[in-house]
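With the sequence up front, the predicted model follows.
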Amino acid sequence: MKPPPLSLAVVLVSCLLQNTGASGGPEPGVQAPRFHSIFSFGSSYSDTGNFVLQSAGFPSVPFNNSPYGETFFRHPTGRPSDGRLIIDFIAEALELPLLPPFLSKEAPQNFSQGANFAIVGGTALDAGFFLRHNSGSVPPSRSSLRAQIAWFRLFLRGQTPVCNSTLECREHLARSLFVVGEFGLTDYCYILSGGKSLLEAKAFVPEVVQAIIRGVERLAEDGARYVVVTGSPPMGCVPMALAKYGVAGNATEYDRRTGCLRRLNGLSQYHNWMLQETVRRMRGKYPEMTIVYADYHKPVARLIRRPGKLGFAEDLLKACCGGGGRYNYNPEGAACGLPGATACSDPSTHLFWDGVHYTEAANRFIADGWLNGAYAHPSILCMVDSGI
């Protein structure tokens, strides 16, 4: 049985003990707002359907097939998981609707409380960067953070705009939560797939981090005041990476406590360290903003090290849904959602859903840590008043 999330009362007490002044948060005695909307940016870990909508007309998009979505929605929704994503749990905790994908053709009023601009393959770096430095592997579509922010700005001045003037927009956005999620991992996947070594990929980390920070600064220019910046998941624990980069018979390549690839995780940790330090400096530059750093690496590592204690199966590096092999991810076999793939009977005991993305159970665990402060500083709920 999985541990329940902390009660709001416990979270509020911990909020009072936090040094919000050091976090670029509200001044003492100034109550944080209750958010009326959320805007999300990121990659497949946050995509609630944009990729499926963008790919309409393609013969087969796995995320649009069963068993995706089976746990909560009971049907595929375009989310790369068996159920809800971290961004869904954040919306639920803030008592807001689940975010519709920006590319949805549904009624404009569905966007009145936010929108999701994240998309599968989303990168921090623009496609032009990969063309210049990594022509062997280039994102197939405009999906960078800059492109997603362009979508966001188009959204603000759309046919049914959420605000009618610059001042009104700034007031609206100042009461919204922005989540800039998990950029970096996809960038490094493209860089490595283009033939670069791990050492060469590491040399690109400062540029990836600066691209993320420039994106946050663009949102600040538009009026964002509350922003969550998330780190990168541990790349060396992803079943796809283990299947692709694992070295049979070479135990030194693996972390003996987790079974993950040490050097790939080192790349993620270096990225996260640099991003966290840059966020810290950014708080000083923008004292009127509250900028949360949400750790993606630690909760996943904790699950892998202590799965039984947290209600998960022991072999957490094996995907629930896939085409076979040691990690149930076979690049030459059937992908989850396509004929020939099989799924486990209980996704709630698994960390990985399809060899890349997490299960709803794992997403819930990570989200709880961000909301209550175990893996985020300050916690997301500490930015919200006690009326939630």
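Looks like it arrived, so ask away.

Any idea how far stretch 245-261 is from the middle of the chain?
Relative to the chain's own centre, stretch 245-261 is displaced by 25 Å; criterion: CA atoms, centre = their mean, to the nearest Å.

Could you give the separation between the terminal residues of it?
End-to-end distance of stretch 245-261: 8 Å, with CA to CA, to the nearest Å as the criterion.

quick one: buried residues of it?
Residues of stretch 245-261 classed as buried under the neighbour-count rule (16 or more other CB atoms under 10 Å) are 245-246, 253-255, 258-261. In short, each C-beta sits where N, CA and C put it, glycine included.

which two from those residues end up farthest apart in space?
Tyr245 and Thr258 (15.1 Å; CB to CB).

Could I get the buried residues of stretch 245-261 in JSON lines, plus columns for distance to Phe183 and secondary structure?
Formatted as JSON lines, the buried residues of stretch 245-261 follow (distance: CB to CB, whole Å; DSSP: H, G, I helix; E, B strand; the rest coil):
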{"residue": "Tyr245", "distance to Phe183": "21", "secondary structure": "helix"}
{"residue": "Gly246", "distance to Phe183": "25", "secondary structure": "coil"}
{"residue": "Glu253", "distance to Phe183": "26", "secondary structure": "helix"}
{"residue": "Tyr254", "distance to Phe183": "26", "secondary structure": "strand"}
{"residue": "Asp255", "distance to Phe183": "24", "secondary structure": "coil"}
{"residue": "Thr258", "distance to Phe183": "24", "secondary structure": "coil"}
{"residue": "Gly259", "distance to Phe183": "26", "secondary structure": "coil"}
{"residue": "Cys260", "distance to Phe183": "21", "secondary structure": "coil"}
{"residue": "Leu261", "distance to Phe183": "21", "secondary structure": "strand"}
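
Pull out the buried positions in the longest helix along the chain.
Longest helix in the chain, counting residues (DSSP state H): helix 262-285. By 16+ other CB under 10 Å, the buried positions in helix 262-285 come out as 263-269, 271-272, 274-275, 278-279, 282-283.

Now do that helix: distance to the chain's middle.
The answer for helix 262-285 is 15 Å, by CA atoms, centre = their mean.

which element follows the helix or strand of the chain with the lowest mean pLDDT toward the C-terminus?
Lowest by mean pLDDT, DSSP states H and E among the helices and strands of the chain is helix 8-17, with a mean of 49. Following the chain from helix 8-17 toward its C-terminal end, the next helix or strand by DSSP states H and E is strand 37-41.

Give me the next element, helix or strand, following that next one.
By DSSP H and E, the next helix or strand past strand 37-41 is helix 50-54.

List of residues touching the next helix or strand after that following helix?
Sequence order places helix 86-93 as the next helix or strand after helix 50-54, per DSSP H and E. Contacts to helix 86-93, defined as CB atoms under 8 Å, 6 or more residues apart in numbering, come from residues 38, 40, 42, 45-46, 48, 79, 84, 97-99, 114, 116, 118, 177, 179, 181, 363-364, 366-368, 370-371, 380-381, 388.

Low-confidence stretches in this protein?
1-33, 57, 59, 106-110, 135, 159-161, 385-388 (pLDDT under 70).

Tell me how far the residue of it most remote from its centre lies from Val179.
Using CA atoms, centre = their mean, the residue of the chain lying farthest from its centre is Gly249. It sits 32.9 Å away. Gly249 is 42 Å from Val179, where distance means CB to CB, to the nearest Å.

likewise Phe117?
From Phe117 to Val179 the distance is 10 Å (CB to CB).

list the residues that contact both of these two?
Counting by CB under 8 Å, 6+ apart, the residues touching both Phe117 and Val179 are 39-41.

export the residues you listed to CSV and tack on neighbour count and distance to His350?
Output for the shared contacts of Phe117 and Val179, formatted as CSV (neighbours: other CB atoms under 10 Å; distance: CB to CB, whole Å):
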residue, neighbour count, distance to His350
Phe39, 26, 30
Ser40, 29, 24
Phe41, 27, 27
